[in-house]
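Colleague: turn this into a structure:
(chains A and B)
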2 protein chains.
Amino acid sequence: MVSTGKIEIEVKSRLGDRRALERKLRRLGAMKIDDAVESDVYYNHPSRDFAKTDEALRIRVCKGNASLTYKGPKLDDKSKSREEIIITLDDAKKAEELLLKLGFRKVAGVRKRRRVFVLSKFEICVDSVEGLGDFFEIEVVAPKKGYEKVRDQALELLVRLGGKEPERRSYLEMLLSKQGR
Amino acid sequence: MVSTGKIEIEVKSRLGDRRALERKLRRLGAMKIDDAVESDVYYNHPSRDFAKTDEALRIRVCKGNASLTYKGPKLDDKSKSREEIIITLDDAKKAEELLLKLGFRKVAGVRKRRRVFVLSKFEICVDSVEGLGDFFEIEVVAPKKGYEKVRDQALELLVRLGGKEPERRSYLEMLLSKQGR
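Modeller: Numbers count the residues shown, from 1 in each chain, chains lettered A, B, ... in the order given. Modelled structure (predicted):
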C-alpha cells in the first residue's frame, strides 16, 4: 500500500482576545500568509461510524478551490495529531454526488474565517467558527516516526501564545455536541 | 441531492480489422482527436459488491492526468448506458491511498491504447486492450430523459461501422471472466 507516512500535528485552544493574539504573533515575527473563509462538509461512512472509529471525511471549498480530506484516528490523548490524506478536486458538487452514490452520508457543515500565520515551521490558524466562536490552532506536518517531539514543541508554543487547556475535539464534534447529537 | 442528470451512452463491439475501421471512419469524415494509453484501476466497495450492484469505481491515469469515476448500474439490456460521475484529481496515488483507508478494495487493472475519433455528436473509441484484443466503442452523452433515442442512433452507427453483436460487458468484467474470477 502507498503511504505518505506524514502526520498532521494539531493543537488547539479556545481564544479569548483575537486581536491580542495577533499582536503577539506579529511581535514574535510571525507572518500572515492567508485570510479566507473555509466551508467544510463532513460525511459518514456507508458501513462504519466515523464518530466511533475517530476518522473523518470532508469536502472543503476555499477561495473556489475544492479538496477531499481523509483524517485517520487521533494518535494520542495530548493533541489532535493524526494521519491526513488530501486530494485536490475540480468540482465539490460532483465530489459530493459521487460520495452520496457510494453510500456516504452528509453529517454537518463547518464554516469559519481562518487567518493563517507562519512562525518558523509552525502554522498558526486564528479561526472564527460560525456557532462556536474564536479558537487558534497550531499545525505542523512531521514524519510519523518521532512525531511526539514536534507535537511537544507545538504544545509549548500553544502555552506561550496564551493557550488554555488544549481542545482535542474537532469543530465538527463541538458543533454536534452543542446540537445534542 | 445534486444530480447532473446526464447519461453516458456506450455501445461496444469486438473489432476484426482495426485499420479497415479507421479507413472507414476517415471516409465518413470522422476526425481523430486523441491517441493515448489509459491505465485504469477498479475498486470494490467496503460493504456492497459492485459486481452484483452493477456499479464501478475507477481511478484512471492518462497522459499524467488522474480522475476518479463512479459508474451507476446499466440502464437497459441493449447497451452499456449508465450514469457516470467523473472528478479530476491532482494525484492518483493519494486517491488510491484514501480509497483504501475508507475500506475500498482493489479489484484489477485495465490498460489500453485508445484512439478517439469524432463523428457528429458521437465519439468512436478504437481500443487495443491488454489481454483482451481490439474493440471499438461508440460514446455519446445525453440527457437522462429520452436517452433511448440517442442510444438507438449509436447502435445503428455501430452496425454501419461493421460492429457485430454489441458487447455489454465492461473490459473489467471481461478480464475477470477470462481469469475465472
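Colleague: can you name the residue of chain A nearest chain B?
Modeller: Nearest to chain B in chain A, going by C-beta to the nearest C-beta, is residue A:47, at a distance of 3.5 Å. Quick note: C-beta positions are derived from backbone N, CA and C, even for glycine.
Colleague: wait, what's in contact with that residue?
Modeller: Listed by C-beta atoms under 8 Å, 6 or more residues apart in numbering or on different chains, the contact partners of residue A:47 are A:103, B:46-47, B:103.
Colleague: now, those residues that are in helices?
Modeller: Assignment to helices by DSSP state H places none of the contacts of residue A:47 there.
Colleague: which one of those is nearest residue A:167?
Modeller: Proximity of the contacts of residue A:47 to residue A:167 (C-beta to C-beta) peaks at residue B:103, which lies at 29.3 Å.
Colleague: hang on, the earlier thing: just the buried members of the contacts of residue A:47?
Modeller: Applying 16 or more other C-beta atoms under 10 Å in any protein chain shown to the contacts of residue A:47, the neighbour count classes residue B:46 as buried.
Colleague: can you get me a residue count around residue A:113?
Modeller: If you count neighbours by other C-beta atoms under 10 Å in any protein chain shown, residue A:113 ends up with 14.
Colleague: name the nearest residue to it, sequence neighbours excluded.
Modeller: residue A:128 (4.7 Å; C-beta to C-beta, 6 or more residues apart in numbering or on different chains).
Colleague: any weak-confidence spans in chain A?
Modeller: A:1-4 (pLDDT under 70).
Colleague: which other helices and strands does the host helix or strand of the residue nearest to residue A:113 contact?
Modeller: Residue A:128 belongs to strand A:122-129 when assigned by DSSP states H and E. Applying 3 or more C-beta pairs under 8 Å, 6 or more residues apart in numbering or on different chains; DSSP states H and E, one finds that strand A:122-129 makes contact with helix A:18-27, strand A:105-119, strand A:133-143, helix A:147-160.
Colleague: and the angle from that strand to strand A:133-143?
Modeller: Computed by axes from the mean of the first three to the mean of the last three C-alpha atoms, to 10 degrees, the angle separating strand A:122-129 from strand A:133-143 equals 150 degrees.
Colleague: now do the buried residues in strand A:122-129.
Modeller: A:122-129.
Colleague: repeat that for stretch A:169-181.
Modeller: Quick answer for stretch A:169-181 (16+ other C-beta under 10 Å): A:170-176.
Colleague: angles on the backbone of the residue located most distally from the centre of chain A, please.
Modeller: The C-alpha centroid of chain A is most remote from residue A:101, which lies 26.2 Å away (C-alpha atoms, centre = their mean). Phi and psi for residue A:101, reported as degrees, to the nearest 10, are phi -60, psi -30.
Colleague: tell me which element the spatially closest residue to it that is not a sequence neighbour is part of?
Modeller: In space, not counting the residues next to it along the chain, residue A:101 is nearest to residue B:70; the distance is 5.3 Å by C-beta to C-beta, 6+ apart. Using DSSP H and E, residue B:70 maps to strand B:65-71.
Colleague: ok, residues contacting that strand?
Modeller: A:98, A:101-102, B:8, B:55-60, B:82-92, B:95.
Colleague: get me the contact residues on chain A for chain B.
Modeller: A:1-4, A:45-48, A:55, A:57, A:68, A:70, A:72, A:85-91, A:93-98, A:100-103 (C-beta under 8 Å from any C-beta of the partner chain).
Colleague: tell me how far the residue of chain A closest to chain B lies from residue A:160.
Modeller: Distance from residue A:47 to residue A:160, counting by C-beta to C-beta, to the nearest Å: 44 Å.
Colleague: would you agree the residue nearest to residue A:113 is in contact with residue A:111?
Modeller: No: checked against C-beta atoms under 8 Å, the pair residue A:128 and residue A:111 is beyond contact range at 9.7 Å.
Colleague: ends of stretch A:58-72, how far apart?
Modeller: 12 Å (C-alpha to C-alpha, to the nearest Å).
Colleague: pull out the buried residues from that stretch.
Modeller: A:58-61, A:66-72.
Colleague: just stretch A:9-27 next, same as before
Modeller: By 16+ other C-beta under 10 Å, the buried positions in stretch A:9-27 come out as A:9-13, A:15, A:18, A:21-22, A:25.
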